[in-house]
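In: I need the structure of the sequence given here:
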Amino acid sequence: YMGIYNFTGFLCYSIYCVATFIHYQHETNNPIAINDIAFAVHALLLTSICCIQIFIYDRGEQKPSMFAVLLASFCWVIAIYNAILSLLASPGVDVMNPTIPWFGAFSTVSVLGYVKVVVTTVKYVPQAYMNWKDKSTTGWSIGNVLLDFT
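Out: Reported below is the predicted structural model:
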């Protein structure tokens with residue numbers, strides 16, 4: 001399930017970073033730095049390689065949980081739905097009145113950022129609970145978690 005979460009999260013985060021950087025490129029206080037883009041795209045590339053390996057190598061009886069598949073599907077549906085609404089209301093297309101803008105507080109690009117936050121939170125809550133329950137962090141790499149939160 002980590003492959004599903006990581007790919008979904010880093011894809012949304014990469015799109016969020018690149019789109020926000022381009023949108024604010026001529027402003028003095030661009031909220032996205034070039035290193036943010038490098039991290040997001042690099043993480044997406046490495047996650048994609050891991051996902052390809054999941055399909056190539058035998059996993060035995062391992063398969064993604066239904067919750068992981070449903071959550072990832074829900075995130076994809078929300079992101080695609082918002083993108084379609086923004087696209088249909090874009091200047092030049094003008095199929096409908098603007099309902100969801102590309103940028104802003106509750107915009108398509110912001111939804112992609114929110115998807116990354118939800119995926120990261122859901123990804124680590126079960127492990128944090130297990131660590132609390134067992135009163136141990138044996139086998140849990142805090143380095144990977146810190147990379148996700150930076």
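In: other SSEs contacting the longest helix belonging to the chain?
Out: Determined from DSSP state H, the single longest helix within the chain is helix 108-134. Identification of packing neighbours for helix 108-134 by 3 or more CB pairs under 8 Å, 6 or more residues apart in numbering; DSSP states H and E yields helix 2-23, helix 66-88, helix 142-149. For glycine as for every other residue, the C-beta is placed from the backbone atoms N, C-alpha and C.
In: That helix: which residues count as buried?
Out: Residues of helix 108-134 classed as buried by neighbour count (16 or more other CB atoms under 10 Å): 108-116, 118-120, 122-124.
In: relative to helix 66-88, how tilted is that helix?
Out: Note on geometry: by axes from the mean of the first three to the mean of the last three CA atoms, to 10 degrees, helix 108-134 and helix 66-88 are set 160 degrees apart in direction.
In: What average pLDDT does helix 108-134 get?
Out: For helix 108-134, mean pLDDT rounds to 84.
In: send the alpha carbons of stretch 75-91 over as PDB?
Out: Written as PDB, here are the backbone C-alpha positions of stretch 75-91 (Å, rounded to 0.1, in the frame of the first residue of the first chain):
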ATOM      1  CA  CYS A  75      -7.900  11.200  -3.800                       C
ATOM      2  CA  TRP A  76      -7.600  10.600  -7.600                       C
ATOM      3  CA  VAL A  77     -11.300  11.200  -8.200                       C
ATOM      4  CA  ILE A  78     -11.300  14.500  -6.200                       C
ATOM      5  CA  ALA A  79      -8.200  15.700  -8.000                       C
ATOM      6  CA  ILE A  80      -9.400  14.800 -11.500                       C
ATOM      7  CA  TYR A  81     -12.900  16.300 -10.700                       C
ATOM      8  CA  ASN A  82     -11.400  19.600  -9.600                       C
ATOM      9  CA  ALA A  83      -9.100  19.700 -12.600                       C
ATOM     10  CA  ILE A  84     -12.000  19.100 -15.000                       C
ATOM     11  CA  LEU A  85     -14.000  21.800 -13.400                       C
ATOM     12  CA  SER A  86     -11.100  24.300 -13.600                       C
ATOM     13  CA  LEU A  87     -10.400  23.300 -17.200                       C
ATOM     14  CA  LEU A  88     -14.000  23.800 -18.300                       C
ATOM     15  CA  ALA A  89     -14.000  27.300 -16.700                       C
ATOM     16  CA  SER A  90     -10.700  28.400 -18.100                       C
ATOM     17  CA  PRO A  91     -10.400  31.400 -20.400                       C
END
